[in-house]
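1. Fold the following for me, if possible:
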Amino acid sequence: MKDVARAFRQEQRMRQRFRDRYPDIEDDVSITSLTGLRLGRGVQLRKDAEIFLLPPGEGGAEQSTITLGNRVRVGRRVQLGSFPNTTMIVGDDTSFQAGCVIIGDVAIGSNCLFSLHVFISSGNHFSELRPDWLIRDQDRLALENPDVAADRSAPVTIEDDCWLGWGTIVKRGVYVGKGAVIGSYSIVTKDVPPYSVQAGGPSRELRKRLEFKPPSTVCASNEHDHPYFYSGFLLRKSDLVRAPEKAAVRLQGSRGRIVLAGGSCTQISIVGSLEGSVRAIRCALKWNRMEIHSAIISDRDFELKAEIPLGAQSESARKALPGPLREFNELTIEVDEVRHSPATGAIDASASRPVGAIDSSSYIRIHRCSCLGND
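-> Presented below is the predicted three-dimensional model:
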């Protein structure tokens, strides 16, 4: 009874601590551990929502983490849970209606809509390691065997702007591309291409929201190019930079991805500008997830060019991309805000402050991005 009372008092203290900082956390929300939990501004947790985090060391685990971005809405009776050594990330302005269950290694983008009772899990039980054993005992055996334990979780990715209908089930290891729509009671067992509309069990494509054909050049001034600013950008109409200023999309936080036409390219060109009071950034570029360039940018308006090595354009390099994106090229932009010397005000290239994923501030604007020499 003493242990139960102690656990109850601890939960009450956690709830009060979070309520002081997050007034939109309602009564009867259960959070098993604050360690490993990161909440953005304006997060809403409705009555009877549950966040279950394994403490470090349980089951031989490192600390599992759950990160909810700004203005994430978690409805009533939603369960967000972890396995040993798992990471869950939910992007800004994503919402979960009542009864959703999300467990394990799951990455969900921004502006996603989850209807009621959606189920997603990266995990799996073990029933055939020792078939004559109880499944629970086989699970325990798997945790003790590093070679087998690695198969316990296959990460699930849901990109930005996806809508999952009532009762949808997404199986382990599945990738759902940007802008996809999944109909009610569907069972998603295979990767879903961007902007595909699917339904059924297993799900199949019914139609497309749009034909996803990335060009060699994407421009912020052309709204038909906005789907190819694939993730990490502020694309709500209220967030876009319009005339009389030069049209631009803002990079949200520290990392964004742009999908461009497939084929070989010799050079990438990015035309952009620094935001507001930002004086300098360190910018790293990856082509098909292979780093190709890094530079300090201090000019308010800039054009950044980088050569693309052949190794970053090979079929083996594209295997690092999700299946539905391998026929295209992916540019990743990663930024840190560079600090200045307090004494001289000069740029200190050796020091930078990472732009936090939760902060989601905008540090640069992108006007145009082009891959040159495209076949």
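2. quick one, what contacts the closest residue to R289 other than its chain neighbours?
-> Excluding its sequence neighbours, the residue lying closest to R289 (C-beta to C-beta, 6 or more residues apart in numbering) is A320, at 4.3 Å. Placement of C-beta: from N, CA and C, glycine included. A320 sits next to 288-290 when contact means C-beta atoms under 8 Å, 6 or more residues apart in numbering.
3. first to last residue in stretch 144-152, what's the distance?
-> Using C-alpha to C-alpha, to the nearest Å, the end-to-end distance of stretch 144-152 comes out at 12 Å.
4. what does that stretch rub up against?
-> With C-beta under 8 Å, 6+ apart as the criterion, stretch 144-152 contacts 60, 83-84, 123-124, 126, 129, 141-143.
5. so of these, which ones are in helices?
-> Counting by DSSP state H, the contacts of stretch 144-152 place 141-143 in helices.
6. ok so, going back, ok, of the contacts of stretch 144-152, which come out buried?
-> 83-84, 123-124, 126, 142-143 (16 or more other C-beta atoms under 10 Å).
7. pLDDT below threshold where in the stretch 101-250 of the chain?
-> Low-confidence segments of the stretch 101-250 of the chain (pLDDT under 70): 243-244.
8. Just give the closest residue to K213, not the sequence neighbours.
-> Using C-beta to C-beta, 6+ apart, the closest residue to K213 is A261 (7.9 Å).
9. okay, that neighbour: pLDDT?
-> pLDDT recorded at A261 is 95.
10. mind checking how far it is from Q267?
-> Computed as C-beta to C-beta, to the nearest Å, the A261 to Q267 distance reads 14 Å.
11. Give me the more crowded residue out of the two.
-> Comparing A261 with Q267 by other C-beta atoms under 10 Å, the one with more neighbours is A261, at 18 against 13.
12. so what's the more buried one up against?
-> Counted by C-beta under 8 Å, 6+ apart, A261 has contacts 213-216, 328-329, 371, 374.
13. So which of those residues sit within strands?
-> 329, 371 (DSSP state E).
14. Pull out the buried residues from the contacts of A261.
-> For the contacts of A261, buried by 16+ other C-beta under 10 Å: 214-216, 328-329, 371, 374.
15. where along the stretch 1-150 of the chain do the helices fall?
-> Applying DSSP state H, counting those that start in this stretch to the stretch 1-150 of the chain gives helices spanning 2-21, 135-144, 146-149.
16. Can you list the buried residues in the shortest one?
-> Residues of helix 146-149 classed as buried: A149 (neighbour count, 16+ other C-beta under 10 Å).
17. picking that back up, what's the closest of the ones in helices among the contacts of stretch 144-152 to D28?
-> L143 (31.6 Å; C-beta to C-beta).
18. Just to check, the closest one is in contact with L54?
-> No: with contact defined as C-beta atoms under 8 Å, L143 does not reach L54; the gap is 11.5 Å.
19. Find residues that contact each of the two.
-> Common neighbours of L143 and L54 (C-beta under 8 Å, 6+ apart) are P84.
20. is it possible to export the contacts of A320 to JSON lines including neighbour count, pLDDT and secondary structure?
-> Converted to JSON lines, the contacts of A320 look like this (neighbours: other C-beta atoms under 10 Å; pLDDT from 0 to 100; DSSP: H, G, I helix; E, B strand; the rest coil):
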{"residue": "N288", "neighbour count": "23", "pLDDT": "96", "secondary structure": "coil"}
{"residue": "R289", "neighbour count": "15", "pLDDT": "96", "secondary structure": "coil"}
{"residue": "M290", "neighbour count": "16", "pLDDT": "95", "secondary structure": "strand"}
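21. Need these in JSON lines (columns: distance to G75).
-> As requested, the contacts of A320 are exported to JSON lines (distance: C-beta to C-beta, whole Å):
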{"residue": "N288", "distance to G75": "37"}
{"residue": "R289", "distance to G75": "34"}
{"residue": "M290", "distance to G75": "40"}
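22. from those residues, which single one is nearest R76?
-> Closest to R76, out of all of the contacts of A320 and judged by C-beta to C-beta, is R289, at 38.4 Å.
23. tell me the contacts of that closest one?
-> R289 touches 317, 320-321, 330, 332, counting by C-beta under 8 Å, 6+ apart.
24. looking at this, G167 is in a helix?
-> No: according to DSSP: H, G, I helix; E, B strand; the rest coil, G167 belongs to no helix; its state is coil.
25. Any idea how many residues pack against it?
-> Count around G167 with other C-beta under 10 Å applied: 16.
26. Next: S294.
-> S294 has 11 nearby residues by other C-beta under 10 Å.
27. In this model K286 seems to touch it, though I could be wrong.
-> No: between S294 and K286 there is no contact under C-beta under 8 Å: 10.0 Å.
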